[in-house]
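A.B. asks: kindly return the folded structure for what I paste below:
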Amino acid sequence: MNSYLSNLAEPIQSEVRVKELKNFGSSLRPSYSIHLEIEKSVGENPDLIHRLLTGTGIISRETIPFEVVSNFRGSTDGKPYYSASILHEGTEKKYKVIARNTGGFLKTKINYEPVIYPEEMRLIHPVDFSRSKITVLDWELHNYRHQFILFVSSKRYESFDIWVTPLKNFTFIRISLYEAGLKEKEVPCSWYLKRLSIFEGLESEVRRKVSIFDEDVFKR
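C.D. replies: Alright, predicted model coming up:
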């Protein structure tokens, strides 16, 4: 991973925006909902970004499951865990890993089964694309994890999205970090943020944005 990191250029453009930061609890028992959006333009192509983020763990079996999982799906609005346009054996294909609801206990646990398309690639995980000589032309990843607490109206959830799209002279990357039920005003989706380390200084910039954010000014 370090050899890749040393070759990653400085972003052509970079921006971090606070979309929401609100305490839905009280001053004594806070419950923060924090949503950040990050946009970056880089010179590296989507395939290299994919390999770099495979090295850090953004692309992994934790984020793209290949077996049944509980309370973990692509998004609240039906997006897949993962979708990519790829070159495989000389042919461009659309590869997807979607979440199929297999039922469960509505108040405590809902199970989701990953379904891979196309069928003939069901045994190839995205972490193996590079060694399988598969080139990624564009890709996106979506993770939504939530918790149910019996007898309590809970808003505890974590949502991470990334879109990587080639444009004429650069690659455009959009990232959404959204977490609710935080007990402190802190960075959302910290596990994911640490694994975006290929973008130098991003974690410290996100922490700075959250720390200086004034909720009262935002309301006005």
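A.B. asks: confirm Val127 sits in a helix?
C.D. replies: Yes. Using DSSP: H, G, I helix; E, B strand; the rest coil, the assignment for Val127 is a helix.
A.B. asks: so it versus Leu52, what's the distance?
C.D. replies: 13 Å (CB to CB, to the nearest Å). From N, CA and C alone the C-beta is placed, and that goes for glycine too.
A.B. asks: which of the three states applies to the residue located most distally from the centre of the chain?
C.D. replies: In terms of distance from the mean C-alpha position of the chain, Leu28 ranks first, at 31.0 Å (CA atoms, centre = their mean). Assigned with three-state DSSP, Leu28 falls in the coil class.
A.B. asks: what of Val187?
C.D. replies: coil.
A.B. asks: one more: Arg208?
C.D. replies: Under three-state DSSP, Arg208 comes out as helix.
A.B. asks: the longest strand along the chain - contacts with which helices or strands?
C.D. replies: The longest strand of the chain (DSSP state E) is strand 91-105. For strand 91-105, the packing partners by 3 or more CB pairs under 8 Å, 6 or more residues apart in numbering; DSSP states H and E come out as strand 72-73, strand 82-88, strand 109-117.
A.B. asks: deepest-packed of the ones you listed, please.
C.D. replies: strand 72-73 (a mean of 22; mean count of other CB atoms under 10 Å).
A.B. asks: pLDDT weak spots in the chain?
C.D. replies: 1-10, 105-107, 149-154, 214-220 (pLDDT under 70).
A.B. asks: ok, which stretches of it are helices?
C.D. replies: Secondary structure of the chain (DSSP state H): helices at 2-7, 46-56, 190-194, 202-212, 215-219.
A.B. asks: and the residue farthest from the centre of the chain, how far from Asp128?
C.D. replies: 49 Å.
A.B. asks: same question for Gln13.
C.D. replies: In terms of CB to CB, Gln13 sits 32 Å off from Asp128.
A.B. asks: now do Gly181
C.D. replies: Distance from Gly181 to Asp128, by CB to CB: 35 Å.
A.B. asks: now for the residue lying closest to Gly181 once chain neighbours are set aside, how many residues are close by?
C.D. replies: For Gly181, ignoring the flanking residues on the chain, the nearest one in space by CB to CB, 6 or more residues apart in numbering is Arg156 at 3.4 Å. Residues near Arg156, counting by other CB atoms under 10 Å, number 15.
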